[in-house]
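# Sequence plus the predicted model coming up.
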Amino acid sequence: MINKPAGHFSDQKDQATQSSQSTTVPMRIGVVFGSRSVEHEVSIITATQLMRNFPASYQAVPLYIDKSGRWWTGKALAKIETFQQLDLHHPDSGGLDLTQAEIFPVPQASTGVHQMVDAIILAVHGGAGEDGTLAGLLELAGIPYVGPGVIAAGAAIDKIFTKHLAESAGLKVTNYGWFTTQDWQHGNKAVLAEIDHLNYPLFVKPVSLGSSVGITRVTNQNELIAAIELAAEFDSRIVVEESAPADVIEVNIAVLGTADDCQASISEQPVKTEDFLTYADKYQRGGKKTGEKTSQGMAGLSRQIPAPISIELQEKMQDAACYLWKLIDGFGVARIDFFANPTTEEFWVGEINSPPGSMAYYLWEASGLSYPKLIEQLIKIAQQRFEQRKKLFTSIETNILAKK
């Protein structure tokens, strides 16, 4: 297993800072956020928090994708206050100094190839971004980016795949069933019969969404049918899970790095106000509790750090988190959600969130790594991966098309 103990950052020299300070021109780091996703507003919170904590040695370049799918840039987009009155479908109608963004390398006659940014941090949550589509775009464009990579992103966002992956690794998951919306439309009685073995209470979830969007806790079949109809409005596949066993708590652990150099954060127990962590718990209550005008996202959620579990159990879950990160070949930062029984020392895998809300910076701060230092680490990881992939063969010296 691949565990690094929490708190190991405090005495670590920061090579990324040293290298970035050696040049007079700061690297331009694009922060991509928004996009056509029901988690659009959540992404805005994550991205503006990120840019507010940018180290001085880098220049943050906002790259906002509006709800219509257009890309925009402009200094005003780095501030969350900008979005409080902004038309998220038509940002150019707000009278701000915004321009449509062009991130791809552009050939120029005088200077050769020019690109708008040197690297990119992906801060999109939900579909049309977190699912690997943006990672694929950047791979084709040849721009370094903060992960988790095409395959890793697609695997992490898919709740069904995550469960199969965890089970294949010998890790526990709660009992579940899944089906497509086509299955439901063609024969809902057959679907209900297929999942009849599951014990209430159940959780009904869209397969490829986060932030608790479209999730419902149900205690009988009538509620189950209504919850499935709701989830079908957000995704073409639906997963139905049993509640975690009695006497368990939710425990989250963040990972940072690559498949071969994974660091695990200290654990947290998020505090919920209902039977599960709702969208309101995560994004609507934090600002009110702290007296701020806007939500702090996941950073504003009530939590206990470290989680009330033994050191031994935390280490096992840190190992499991890094092992899952290696299985999907992830890089960058993610948060792995678990259920744990502090008494029996058992745990179950929940979900992989990459990128996590607020970049899970609160877990890294508790582990001895400040948010600006976390950003520097992420940029360094993106650059290292980019250089490694440049060394791989992308062509072979043969021409099977040549005429013989």
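Yep, it's here.

# hey, where'd the strands end up in the stretch 301-404 of the chain?
In the stretch 301-404 of the chain, the segments counted as strands under DSSP state E, counting those that start in this stretch are 303-304, 332-341, 346-353.

# What angle do strand 332-341 and the last one make with each other?
Taking axes from the mean of the first three to the mean of the last three Cα atoms, to 10 degrees, strand 346-353 and strand 332-341 form an angle of 150 degrees between their directions.

# Can you list the strands that strand 346-353 pairs with?
In the sheet, strand 346-353 lines up against strand 332-341 (antiparallel) (DSSP bridges).

# neighbours around the closest residue in space to residue 271 that isn't next to it in sequence, how many?
Closest residue to residue 271 in three dimensions, ignoring its sequence neighbours and counting by Cβ to Cβ, 6 or more residues apart in numbering: residue 302, at 3.8 Å. For the C-beta atoms, the positions are set from N, CA and C on the backbone; glycine is no exception. Counted with other Cβ atoms under 10 Å, the neighbours of residue 302 add up to 13.

# Show the pLDDT at residue 302.
Looking at residue 302, its pLDDT stands at 81.

# Can you verify my assumption that it contacts residue 268?
No: counting by Cβ atoms under 8 Å, residue 302 sits too far from residue 268 to count as a contact (10.3 Å).

# Give the buried residues for the lengthiest helix in the chain.
If you go by DSSP state H, the chain has its longest helix at helix 371-390. Buried residues in helix 371-390, defined by neighbour count with 16 or more other Cβ atoms under 10 Å: 371-386.

# Poorly predicted segments of the stretch 1-150 of the chain, please.
Applying pLDDT under 70 to the stretch 1-150 of the chain picks out residues 1-24, 105-114.

# can we see that at 50?
In the predicted model, the stretch 1-150 of the chain carries pLDDT under 50 at residues 1-8, 10-23.

# Would you map the strands across it?
According to DSSP E, counting those that start in this stretch, the stretch 1-150 of the chain carries its strands in the segments 27-34, 58-65, 71-73, 99-100, 106-108, 112-114, 119-122, 145-146.

# Now do the first one: which elements does it pack against?
Using 3 or more Cβ pairs under 8 Å, 6 or more residues apart in numbering; DSSP states H and E as the contact criterion, the elements in contact with strand 27-34 are helix 40-52, strand 58-65, strand 119-122.

# tell me the angle of that strand relative to strand 58-65?
Note on geometry: by the same axes, to 10 degrees, strand 27-34 and strand 58-65 are set 30 degrees apart in direction.

# Next, the residues that contact strand 27-34 from outside, please.
Strand 27-34 is touched from outside by 20, 40, 43-44, 46-47, 50-51, 54, 57-67, 88, 103, 116-124, 129, 134, 379, with contacts defined as Cβ atoms under 8 Å, 6 or more residues apart in numbering.

# of those residues, buried ones?
When burial is judged by neighbour count using 16+ other Cβ under 10 Å, the buried members of the contacts of strand 27-34 are 20, 40, 43-44, 46-47, 50-51, 54, 57-58, 60-67, 103, 116-124, 129, 134, 379.

# how does this protein divide up, domain by domain?
15-147, 156-160+246-390, 176-242 (automatic domain parsing).

# Residue 165 is in contact with residue 155, isn't it?
Yes: using Cβ under 8 Å, residue 165 is in contact with residue 155, at 6.6 Å.

# More neighbours: those two, which one.
The residue with the greater number of neighbours, taking residue 165 and residue 155 and applying other Cβ under 10 Å, is residue 155; the counts read 22 against 19.

# downstream neighbour of the helix or strand where the more buried one lies in the secondary structure list?
Using DSSP states H and E, the element containing residue 155 is helix 150-157. Following the chain from helix 150-157 toward its C-terminal end, the next helix or strand by DSSP H and E is helix 159-168.

# That following helix: which residues count as buried?
Buried residues in helix 159-168, counting neighbours by 16+ other Cβ under 10 Å, are found at 159-163, 165-166.

# Quick one: these as JSON lines, columns for pLDDT too.
Rendered in JSON lines, the data for the buried residues of helix 159-168 read as follows (pLDDT from 0 to 100):
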{"residue": "159", "pLDDT": "93"}
{"residue": "160", "pLDDT": "95"}
{"residue": "161", "pLDDT": "94"}
{"residue": "162", "pLDDT": "94"}
{"residue": "163", "pLDDT": "95"}
{"residue": "165", "pLDDT": "94"}
{"residue": "166", "pLDDT": "96"}
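
# mind putting those in a markdown table, distance to residue 359 included?
As requested, those are arranged in a markdown table below (distance: Cβ to Cβ, whole Å):
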| residue | distance to residue 359 |
| --- | --- |
| 159 | 21 |
| 160 | 26 |
| 161 | 23 |
| 162 | 20 |
| 163 | 25 |
| 165 | 23 |
| 166 | 23 |
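
# Thank you kindly, that will do.
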